[in-house]
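S.K.: Below are the sequence and a predicted model for it; my questions follow.
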Amino acid sequence: GEDVEQSLFLSVREGDSSVINCTYTDSSSTYLYWYKQEPGAGLQLLTYIFSNMDMKQDQRLTVLLNKKDKHLSLRIADTQTGDSAIYFCAESANQGGKLIFGQGTELSVKP
Amino acid sequence: EAGVVQSPRYKIIEKKQPVAFWCNPISGHNTLYWYRQNLGQGPELLIRYENEEAVDDSQLPKDRFSAERLKGVDSTLKIQPAELGDSAVYLCASSGLLGAGETQYFGPGTRLLVL
């Protein structure tokens, strides 16, 4: 069945780059998303990438997609303490359909 | 533009009691989703609506959970009776704004604690 895996924790120093990794199993995944969740809040959409792309950049965020290996990563440049949160990777086989989420990666940014 | 609105934000009830959650999606969004997020996990879909029609309710525990989306706008999710294992965050999301793809936008969630 469909499955999305993420490492649970990542700790970085303020100003460093953070790289959060995700693997998925559904080869029919067409859209892949990154969401951010701060304590006590809902999910905030950060960015998404279509499966026919291998990279997308949006300000401090860079998404890399290796479709052959079913591997997705999110790089945050110049990580700030305000970036501390849980980051969820999610896949969808079609736009508007069910999202399958990973278990989330907790990013801790130390000053 | 207002985002997805959910209420209440928090709810504490005793087991076997009923509980209801309300969601108002982003204006113009035709598709509405209810997800459940257990502690330390990612959200899991319970039900998806296209306008007023439930098009995917395969993960909804129908013995105790029900949902409705009258008039294809607001939606209510109900649990009756609640069990201890229902303690979770219930998230509502919507999608469907033309020009922005059908990316799902989430509300703040309702945090349910069943004692």
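M.R.: The structure has been received and is ready for your questions. From a predicted model like this one, the values you see are computed outputs, not experimental measurements. Numbers count the residues shown, from 1 in each chain, chains lettered A, B, ... in the order given.
S.K.: Hmm, A:Gln103 is touching B:Glu44, no?
M.R.: No - using C-beta atoms under 8 Å as the test, A:Gln103 is too far from B:Glu44 to be in contact (10.9 Å). No exception for glycine: its C-beta is placed from N, CA and C like everyone else's.
S.K.: need the contact list for B:Lys71.
M.R.: By C-beta atoms under 8 Å, 6 or more residues apart in numbering or on different chains, the contact list for B:Lys71 reads B:Glu52.
S.K.: Confirm that it sits in a helix.
M.R.: Yes - assessed by DSSP: H, G, I helix; E, B strand; the rest coil, B:Lys71 belongs to a helix.
S.K.: Report the closest residue of chain B relative to chain A.
M.R.: Taking C-beta to the nearest C-beta, chain A has its nearest neighbour within chain B at B:Gly42, 2.9 Å off.
S.K.: That residue and B:Pro108: what is the separation?
M.R.: For B:Gly42, the distance to B:Pro108 equals 17 Å [C-beta to C-beta, to the nearest Å].
S.K.: the more surrounded of these two?
M.R.: Between B:Gly42 and B:Pro108, counted using other C-beta atoms under 10 Å in any protein chain shown, the more crowded position is B:Gly42 (22 against 18).
S.K.: what about that one, distance to B:Gln17?
M.R.: From B:Gly42 over to B:Gln17 (counting by C-beta to C-beta), the distance is 27 Å.
S.K.: Same question for A:Asp16.
M.R.: 48 Å.
S.K.: hey, what's the residue most central in space within chain B bridged with?
M.R.: The geometric centre of chain B, computed from its C-alpha atoms, lies nearest to B:Trp34 (C-alpha atoms, centre = their mean), at 3.0 Å. Legend: beta-bridge partners of B:Trp34 under DSSP bridges are B:Ile47, B:Cys92.
S.K.: can you pull the contacts of it?
M.R.: Residues near B:Trp34 by C-beta under 8 Å, 6+ apart: B:23, B:45-48, B:67, B:75, B:77, B:90-92.
S.K.: ok, residue 22 - contacts?
M.R.: Here I'm looking at chain A. A:4-6, A:32, A:71-74, A:89, A:102.
S.K.: Let me rephrase: I mean chain B.
M.R.: B:6-7, B:74-76.
S.K.: Now do the same for it: its pLDDT.
M.R.: Per-residue confidence for B:Trp22 comes out at a pLDDT of 97.
S.K.: next one: A:Asn94
M.R.: 64.
S.K.: got a list of contacts for the helix or strand bottoming out on mean pLDDT in chain B?
M.R.: The helix or strand of chain B with the poorest confidence is strand B:53-56; it has a mean of 90 (mean pLDDT, DSSP states H and E). Identification of contacts with strand B:53-56 by C-beta under 8 Å, 6+ apart yields A:97-98, B:45, B:47-49, B:67, B:69.
S.K.: hmm, which two among the contacts of A:Cys22 are most spread apart?
M.R.: Distances among the contacts of A:Cys22 were taken as C-beta to C-beta; the most separated pair is A:Glu5 and A:Leu74, at 14.3 Å.
S.K.: more crowded one of those two?
M.R.: A:Leu74 (22 against 13).
S.K.: could you say what helices and strands whichever strand or helix holds that one packs with?
M.R.: Using DSSP states H and E, A:Leu74 sits in strand A:71-76. Applying 3 or more C-beta pairs under 8 Å, 6 or more residues apart in numbering or on different chains; DSSP states H and E, one finds that strand A:71-76 contacts strand A:18-24, strand A:43-50, strand A:61-66, strand A:85-92.
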